[in-house]
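Undergrad: Need a 3D model of the following:
(2 chains)
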Protein chains: 2
Amino acid sequence: MTVTDRLEAQFAFLNEADRLKHVMRATTTVDGSRLENSGEHSWHLALYALVLADQAGPGVDINRVIRMLLIHDLVEIDVGDVPIHSQNGQAHASVETQAAEAKAADRIFGLLPPDLATSLRTLWEEFEAAETADARFAKSLDRIQPVMANLMSGGGTWATYNVTYDQLESRVGSKIAKGAPALWEWVRAKARPWFA
Amino acid sequence: MTVTDRLEAQFAFLNEADRLKHVMRATTTVDGSRLENSGEHSWHLALYALVLADQAGPGVDINRVIRMLLIHDLVEIDVGDVPIHSQNGQAHASVETQAAEAKAADRIFGLLPPDLATSLRTLWEEFEAAETADARFAKSLDRIQPVMANLMSGGGTWATYNVTYDQLESRVGSKIAKGAPALWEWVRAKARPWFA
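TA: Next comes the predicted model:
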């Protein structure tokens, strides 16, 4: 592959990635004025990783976590965001959803030169599997950022989807606790009164 | 500082940073449908660094470049974006603008626990000074992303501000060439016909 062909492929991917700025989430910005898009969400999460690195467990490579978070939502360009508290969100682990996301990953990472396509696709799969320490911490941040947005904006998706405190614990808390237990303790204490 | 006080400070910063999603730039998204905001722009740039790492010069630490790009625009929460081709953009190096940005940096990074406030403020100052290899590459990406958005969307800020090819060379090209010369060669060849 010539340098020119390589640059064509790199920019085909970067221009396609731009579409993530148009994928809307159920969560609002912190001021509650509008829905957040998945591009700016990905930036905010990477900043979370940078600032909350001291909350990561032993062996976590924060640079890998940041890279994961930069690419973790790209499949949503084809599949859309599935709000965690929506009916679809609760069926999110379905075989159909996983197949659709894998197909989206084939297409989107497939725009890149082969070496980058492989390395970024592999990194996305690691995030999705949530088995390594890096992926578990990245997933915890991805779950905690909407909790904070809901708290700051007066309820957000908790109100939209009539979420109970027990549902918050099982859908979100139990997962945050796997990657960032002290962080969840602290945020839970803030969230609990909202559900009282 | 207790862990709880530290978390309060970390989240005071992360919640304040959210406001960058409401700072609008002069550049549009790639599809030309709306203006881009500085939060999603920061995400896109970090992705540029991840994907174009092979265009960085010797000695560039791409993880530091990504970190720089994640925080490079935070001062805009107070100061706003200054489009490079606008009249103000051409006066951007003015003492007044620099003083306003330094004051914004004091306030925004000052929300963090002291160790993080110092390290991220120092990283931002390194970006602004554009003297290290990391900062020069980060600045090059920050200049090249709007060029690509203008190309993809049919002119963008070049049309808005009646930019000439010579102005593009002096305001943008000469700066990109400092940190990513081969990248500028490739993009220049694509941009030139627009100005013909």
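Undergrad: Establish whether stretch A:42-61 and chain B are in contact.
TA: Yes: interface with chain B: stretch A:42-61 contributes A:42-44, A:46-48, A:50-52, A:54 (Cβ under 8 Å from any Cβ of the partner chain). Heads up, the C-betas are built off the backbone N, CA and C, glycines and all.
Undergrad: what about residue A:167, which helix or strand?
TA: Counting by DSSP states H and E, the element that carries residue A:167 is helix A:165-168.
Undergrad: So for the helix or strand that that helix is followed by, what gets flagged as buried?
TA: Once the chain leaves helix A:165-168, the next helix or strand it forms, by DSSP H and E, is helix A:174-179. Going by neighbour count (16 or more other Cβ atoms under 10 Å in any protein chain shown), the buried part of helix A:174-179 is A:175-179.
Undergrad: who does helix A:174-179 touch, helix- and strand-wise?
TA: Using 3 or more Cβ pairs under 8 Å, 6 or more residues apart in numbering or on different chains; DSSP states H and E as the contact criterion, the elements in contact with helix A:174-179 are helix A:133-153, helix A:181-195.
Undergrad: can you redo these as JSON lines with distance to residue A:8, mean pLDDT and mean neighbour count?
TA: Shown next, in JSON lines, are those (distance: least, Cβ to Cβ, whole Å; pLDDT from 0 to 100; neighbours: other Cβ atoms under 10 Å in any protein chain shown):
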{"stretch": "helix A:133-153", "distance to residue A:8": "30", "mean pLDDT": "97", "mean neighbour count": "23"}
{"stretch": "helix A:181-195", "distance to residue A:8": "42", "mean pLDDT": "95", "mean neighbour count": "16"}
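Undergrad: Any chance of a markdown table for these, columns distance to residue A:62?
TA: Putting the helices and strands packed on helix A:174-179 into a markdown table (distance: least, Cβ to Cβ, whole Å) gives the following:
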| stretch | distance to residue A:62 |
| --- | --- |
| helix A:133-153 | 8 |
| helix A:181-195 | 14 |
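Undergrad: Buried by neighbour count: which residues of the lowest-mean-pLDDT helix or strand in chain A qualify?
TA: Comparing helices and strands within chain A by mean pLDDT, DSSP states H and E singles out helix A:87-90 as the least confident, with a mean of 72. With burial defined by 16+ other Cβ under 10 Å, the residues of helix A:87-90 counted as buried are residue A:89.
Undergrad: what's the following helix or strand after that helix?
TA: Counting by DSSP H and E, the next helix or strand C-terminal to helix A:87-90 is helix A:95-109.
Undergrad: Would you mind listing the residues in contact with residue A:103?
TA: The contact partners of residue A:103, taken as Cβ atoms under 8 Å, 6 or more residues apart in numbering or on different chains, are residue A:78.
Undergrad: got it, and residue A:100?
TA: A:78-79.
Undergrad: hang on, the earlier thing: tell me which residues are up against the least confident helix or strand of chain A.
TA: Applying Cβ under 8 Å, 6+ apart, the set of residues contacting helix A:87-90 from outside is A:82-84, A:97, A:171.
Undergrad: just to revisit the earlier point, show residues contacting the helix holding residue A:167.
TA: Contact with helix A:165-168 is made by A:85, A:147, A:158, A:191-192, A:195, as judged by Cβ under 8 Å, 6+ apart.
Undergrad: So which of the residues you listed would count as near chain B as well?
TA: Filtered for proximity to chain B (Cβ under 8 Å from any Cβ), the contacts of helix A:165-168 leave an empty set.
Undergrad: before we move on, the earlier item: quick one: closest of the helices and strands packed on helix A:174-179 to residue B:128.
TA: Judged by Cβ to Cβ, the one of the helices and strands packed on helix A:174-179 that comes nearest to residue B:128 is helix A:133-153, at 27.4 Å.
Undergrad: Just the angle for the closest one relative to helix A:181-195, thanks.
TA: Helix A:133-153 and helix A:181-195 are oriented at 30 degrees to each other (axes from the mean of the first three to the mean of the last three Cα atoms, to 10 degrees).
Undergrad: who's in contact with the closest residue to residue A:177 other than its chain neighbours?
TA: Sequence neighbours aside, residue A:184 is the residue nearest to residue A:177 in space, at 4.6 Å (criterion: Cβ to Cβ, 6 or more residues apart in numbering or on different chains). Residues near residue A:184 by Cβ under 8 Å, 6+ apart: A:140, A:144, A:173, A:176-177.
Undergrad: Turn these into CSV, including distance to residue B:35.
TA: Compiled in CSV, the contacts of residue A:184 are given as follows (distance: Cβ to Cβ, whole Å):
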residue, distance to residue B:35
A:140, 33
A:144, 29
A:173, 37
A:176, 34
A:177, 39
